[in-house]
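>>> take a look and give me a structure for this.
(6 chains)
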Number of protein chains: 4
Amino acid sequence: MSPEKNNKKIDKYDRIIDAAIKVFARKGFHKARVSDIADEANVADGTIYLYFKNKDDLLITIFEEKLQEIIDLFIAKLRGEPDPVSKLARFICLHFSMMEQYPDLAAILTVELRQSHKFMREYTPQKFGEFLKIITGIVIQGKDQGLFKEDAAPGVVKRALFGAIDEMGTFWMLAPRVKRGKYSTQDAAKQVCDIFIRGLLKDPALWDSKKAEFFKQKGGEL
Amino acid sequence: MSPEKNNKKIDKYDRIIDAAIKVFARKGFHKARVSDIADEANVADGTIYLYFKNKDDLLITIFEEKLQEIIDLFIAKLRGEPDPVSKLARFICLHFSMMEQYPDLAAILTVELRQSHKFMREYTPQKFGEFLKIITGIVIQGKDQGLFKEDAAPGVVKRALFGAIDEMGTFWMLAPRVKRGKYSTQDAAKQVCDIFIRGLLKDPALWDSKKAEFFKQKGGEL
Amino acid sequence: MSPEKNNKKIDKYDRIIDAAIKVFARKGFHKARVSDIADEANVADGTIYLYFKNKDDLLITIFEEKLQEIIDLFIAKLRGEPDPVSKLARFICLHFSMMEQYPDLAAILTVELRQSHKFMREYTPQKFGEFLKIITGIVIQGKDQGLFKEDAAPGVVKRALFGAIDEMGTFWMLAPRVKRGKYSTQDAAKQVCDIFIRGLLKDPALWDSKKAEFFKQKGGEL
Amino acid sequence: MSPEKNNKKIDKYDRIIDAAIKVFARKGFHKARVSDIADEANVADGTIYLYFKNKDDLLITIFEEKLQEIIDLFIAKLRGEPDPVSKLARFICLHFSMMEQYPDLAAILTVELRQSHKFMREYTPQKFGEFLKIITGIVIQGKDQGLFKEDAAPGVVKRALFGAIDEMGTFWMLAPRVKRGKYSTQDAAKQVCDIFIRGLLKDPALWDSKKAEFFKQKGGEL
DNA sequence: TATGAATGAGAATTCATTCAT
DNA sequence: CATGAATGAATTCTCATTCAT
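Numbering: from 1, shown residues only, chains lettered A, B, ... in the order given. Coordinates of the predicted model:
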């Protein structure tokens, strides 16, 4: 019943994952020591190897597991949106909210995912592909409904949009904490919505009229 | 006059920089050994330390020096474009061309710059900021001329655009070489132009009419 | 119970210290490789860094820890001597005995301590100062009791005496092993006693009469 | 005629020796880089190897050459002293004066000579032996003249005396510069004379009467 | 002789991973 | 399951020495 005992009850697996997220975010994957993670998780170094094959595996697990959670969350939230335009706007807003709520995780996905993708032998970030498919789905739906330009290539749009949001997230993460107000991410979200939705719509005026209404009711997104 | 003798004449500094670009691109900064670079440059390990303070310095030098070259090139090329819209289109096309021509350099700028920014103590990628300012300049000009939406925030647009292009570049780099045809980057460039220029223009129809003409005459960009 | 098992039980810390003393004495601090010490201690290279911050720390630890042992031993032994004259004689004899018993340690204290003192930033051999204070104490006591010359400066005597003994120790260490008989150090001790005690006494005849008796009963000193 | 030209006329060999003395004294032999010496001597690194076989050779040359100068100087000065007692006193004073005049050289002889002796394969400091023989000579003469105790072992006395002076020199070198007044070395010299001469004399009273006179006329010794 | 750029052997230290307890 | 001491491979950087000019 002591807090320490209680602490030990929390699944070590999760403790390790959370510790790793914190440490990877703070020091970067390469400079993070396994023993740092063990310390942060209050476990012995060796214990980590009971749950994960090695340091790489720890990172990959974070990618796959956390991305799955994000995918599930996004899909659930997007289900509530009536049309591709609001879905896209919602997606963008959700992404920024997520970065704000889980900056450590965002830092890892932003900074380490590329590295890993490129340099970790035999790892293809499958879940990341699934995540991007959410955008593809929205774009296709928009085209099917005759709202989006016919020559929009979903495969390109998904990457362009992800890249745009991701880069802004990087910037936001690196900015001094004081500048990270709720305001700035919401504002950034609006700007990205403007560009991408107007850019995709056959008739950009549609968004100009919808926009105000869309942002009226949104508060904490996640 | 023998090729070997000639080879020795080529400035070692440049040989090392070029070798480092190749090796960093292939293995990533952290996994690249200094001796790999020395081998690639046909130079002794110690020689590298005559020209660079340490491994970090080598990476930073690549960032600063190569980005400066890119900045100079971009500014020169953009000077020839008559209006903000073509300037923006041109910028996008140039970026993709650059990635195609110098994939190793692009890989480093794309993958390592973030890492460094975040984890290399006391390095601020000043030149990168300068590079992004090229976009800011175009957006501001477009707003001044009444072409772009008044509420477009240049600081956000620059990052969103860079992120979009950069992410697509990453994707392209990671794609199997066979898929990297001239076609695909040009096509991607068009898509990104569509989104961003339409997204920014007060009257997106302007781009729809300009577009065909713009892409008619472009060949190898750099 | 097997000797190997037993061997492992011996504290690694001590094994490393002892190995370091041996190796530093044999090759000198600078030419001694950490891996030499590891080999000698039957330990992996990395293990040394679990117990010591670095190579310098290993040397400093030897200085401080072993000097403390010597100080404690000397103080205990000197307590048994009735007057400053026999204390001084005893101190000299003990020093030579110590060199004979622990030649490796003596070699390090003799050869490396100066270097370190002069060239290891921010290390002051505090324990060495404490050791020398033993002599100062004896000289002061001798003056207080009216035995030693009034103009004898304890601070000078302590260094002169230490220097004399130390130099003879160096010589002895460098001499071929065969020449290092019990005889020679005891003989050297006598000579040094003669010079310093007669030199300090108001009435040198006092020592001439005491001398024979003092050396009669001394055997293995430590 | 320009100072630079003039500077170049000074034999490079000597320039290098002097530079080496300065650098070895300041940083210690092991931490001194050959290029430091080259810089100090205003020669190229490679030039040093035209005059000396290697770094070790440079140190050994300093030992042998400078010690020879000292030996010559000491012998000349001692020739003027009438009896073994004043010779011994003079030797001691000269030694302290030398340390004061050439502290860099003294530092090297004091700190590096032992190291080298012990760890430089196949180097026996022959000149150092010759230097010590000066003392042996004085002691033997003193015994022959019936002044010194018959049981004084010249071989022991020479080392004890050298050790005493040398250790005090070490201390003096390491002391803050402000404390290094003319006073302190002269005072130290007196103390050492007192101990060793009284220690050696059959009749110590002899020195007590001679002492004042001896120190009256001495000024700058070298 | 003189140069100093280039060499490359060498050593300290770190840290992911293992395994005896 | 859990521990954490021990391992030792791996890598950066230094600097004495060489040699083409």
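>>> please make it C-alpha for all contacts and neighbour counts, starting now.
OK.
>>> next, the buried residues of stretch A:15-33.
A:15-29, A:32-33 (16 or more other C-alpha atoms under 10 Å in any protein chain shown).
>>> near DNA strand E, which residues of chain A are found?
A:30-35, A:45-47, A:49, A:54-56 (C-alpha under 7 Å from any atom of the strand).
>>> can you list the residues of chain A near DNA strand F?
So chain A meets DNA strand F at A:12, A:42-47, A:50 (C-alpha under 7 Å from any atom of the strand).
>>> who touches stretch A:153-170?
Residues outside stretch A:153-170 that contact it (C-alpha atoms under 8 Å, 6 or more residues apart in numbering or on different chains): A:92, A:95-96, A:99, A:106-107, A:110-111, A:132-133, A:135-136, A:139-140, A:188, A:192, A:196, B:114, B:156, B:159-168, B:188, B:191-192.
>>> flag whichever of the residues of chain A next to DNA strand F scores worst on pLDDT.
Within the set of those, pLDDT is lowest for A:Lys12 (93).
>>> can you name the next helix or strand after the lowest-mean-pLDDT helix or strand in chain A?
Least confident helix or strand, chain A: helix A:3-9 with a mean of 47, by mean pLDDT, DSSP states H and E. Once the chain leaves helix A:3-9, the next helix or strand it forms, by DSSP states H and E, is helix A:12-27.
>>> show the subsequent helix or strand relative to that following helix.
Next element after helix A:12-27 (DSSP H and E): helix A:34-41.
>>> buried sites along that next one?
A:34, A:36-38, A:40-41.
>>> let's have those residues in JSON lines, adding distance to D:Ala175 and pLDDT.
Rendered in JSON lines, the data for these read as follows (distance: C-alpha to C-alpha, whole Å; pLDDT from 0 to 100):
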{"residue": "A:Val34", "distance to D:Ala175": "47", "pLDDT": "98"}
{"residue": "A:Asp36", "distance to D:Ala175": "45", "pLDDT": "97"}
{"residue": "A:Ile37", "distance to D:Ala175": "48", "pLDDT": "98"}
{"residue": "A:Ala38", "distance to D:Ala175": "48", "pLDDT": "98"}
{"residue": "A:Glu40", "distance to D:Ala175": "48", "pLDDT": "97"}
{"residue": "A:Ala41", "distance to D:Ala175": "51", "pLDDT": "97"}
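>>> out of those residues, flag the one nearest to C:Ile60.
A:Asp36 (28.8 Å; C-alpha to C-alpha).
>>> surely the closest one is in contact with A:Lys22?
No. A:Asp36 lies out of contact with A:Lys22 (C-alpha atoms under 8 Å); the separation is 10.0 Å.
>>> determine the number of other residues adjacent to A:Asp144.
13 (other C-alpha atoms under 10 Å in any protein chain shown).
>>> for it, phi and psi?
phi -60, psi -40 (degrees, to the nearest 10).
>>> from B:Leu147, how far off is A:Asp194?
Distance, A:Asp194 to B:Leu147, using C-alpha to C-alpha, to the nearest Å: 15 Å.
>>> let me fix that: A:Ala160
On the measure of C-alpha to C-alpha, A:Ala160 and B:Leu147 end up 23 Å apart.
>>> between those two, which has more neighbouring residues?
A:Ala160 (28 against 20).
>>> just the CA coordinates for whatever helix or strand the more buried one lives in, please, in CSV.
Secondary structure assignment for A:Ala160, by DSSP H and E: helix A:154-174. Extracted in CSV, the C-alpha atoms of helix A:154-174 (Å, rounded to 0.1, in the frame of the first residue of the first chain):
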residue,chain,number,x,y,z
PRO,A,154,-3.6,11.7,-52.5
GLY,A,155,-0.2,10.1,-52.1
VAL,A,156,1.5,13.5,-52.6
VAL,A,157,-1.0,15.4,-50.5
LYS,A,158,-0.6,13.1,-47.6
ARG,A,159,3.1,13.6,-47.4
ALA,A,160,3.0,17.4,-48.1
LEU,A,161,0.4,17.8,-45.4
PHE,A,162,2.2,15.7,-42.9
GLY,A,163,5.5,17.4,-43.7
ALA,A,164,4.0,20.8,-43.2
ILE,A,165,2.5,20.0,-39.8
ASP,A,166,5.5,18.1,-38.7
GLU,A,167,7.9,20.8,-39.5
MET,A,168,5.8,23.3,-37.7
GLY,A,169,5.8,21.0,-34.7
THR,A,170,9.5,20.8,-34.8
PHE,A,171,9.8,24.5,-34.8
TRP,A,172,7.3,24.7,-32.0
MET,A,173,9.1,22.1,-29.9
LEU,A,174,12.4,23.9,-30.3
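>>> list the buried residues for that helix?
A:154-170, A:172-173.
>>> redo the residues of chain A next to DNA strand F as TSV? Include secondary structure and neighbour count.
Formatted as TSV, these follow (DSSP: H, G, I helix; E, B strand; the rest coil; neighbours: other C-alpha atoms under 10 Å in any protein chain shown):
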residue	secondary structure	neighbour count
A:Lys12	helix	17
A:Asn42	coil	15
A:Val43	coil	16
A:Ala44	coil	13
A:Asp45	helix	16
A:Gly46	helix	11
A:Thr47	helix	13
A:Leu50	helix	10
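>>> among those residues, which pair sits farthest apart?
A:Asn42 and A:Leu50 (14.5 Å).
>>> distance of A:Ser97 from C:Ile195?
87 Å.
>>> which of those two has more neighbours?
The neighbour comparison of A:Ser97 against C:Ile195 (other C-alpha under 10 Å) goes to C:Ile195, with 23 against 20.
>>> so who does that one touch?
With C-alpha under 8 Å, 6+ apart, C:Ile195 has these contacts: D:195-196, D:198-200.
>>> and the gap between it and DNA strand E?
Separation of C:Ile195 from DNA strand E (C-alpha to the nearest atom of the strand, to the nearest Å): 42 Å.
>>> quick check: which element contains that residue?
Judged by DSSP H and E, C:Ile195 forms part of helix C:182-200.
>>> contacts for the helix or strand that that helix is followed by, please.
Next along the chain after helix C:182-200, taking DSSP H and E as the criterion, comes helix C:205-216. Residues outside helix C:205-216 that contact it (C-alpha under 8 Å, 6+ apart): C:85-86, C:194, C:197-198.
>>> name the nearest of these relative to B:Glu81.
C:Ile197 (99.1 Å).
>>> so that closest one makes contact with C:Val85?
Yes. Contact criterion C-alpha under 8 Å: C:Ile197 and C:Val85 qualify, at 7.0 Å.
>>> picking that back up, can you list the residues of chain A next to DNA strand F in JSON lines and add distance to chain C?
Output for the residues of chain A next to DNA strand F, formatted as JSON lines (distance: C-alpha to the nearest C-alpha, whole Å):
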{"residue": "A:Lys12", "distance to chain C": "27"}
{"residue": "A:Asn42", "distance to chain C": "20"}
{"residue": "A:Val43", "distance to chain C": "19"}
{"residue": "A:Ala44", "distance to chain C": "16"}
{"residue": "A:Asp45", "distance to chain C": "15"}
{"residue": "A:Gly46", "distance to chain C": "17"}
{"residue": "A:Thr47", "distance to chain C": "20"}
{"residue": "A:Leu50", "distance to chain C": "24"}
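>>> could you export these to CSV, including columns for distance to A:Leu73?
Formatted as CSV, the residues of chain A next to DNA strand F follow (distance: C-alpha to C-alpha, whole Å):
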residue, distance to A:Leu73
A:Lys12, 24
A:Asn42, 29
A:Val43, 30
A:Ala44, 33
A:Asp45, 33
A:Gly46, 33
A:Thr47, 31
A:Leu50, 29
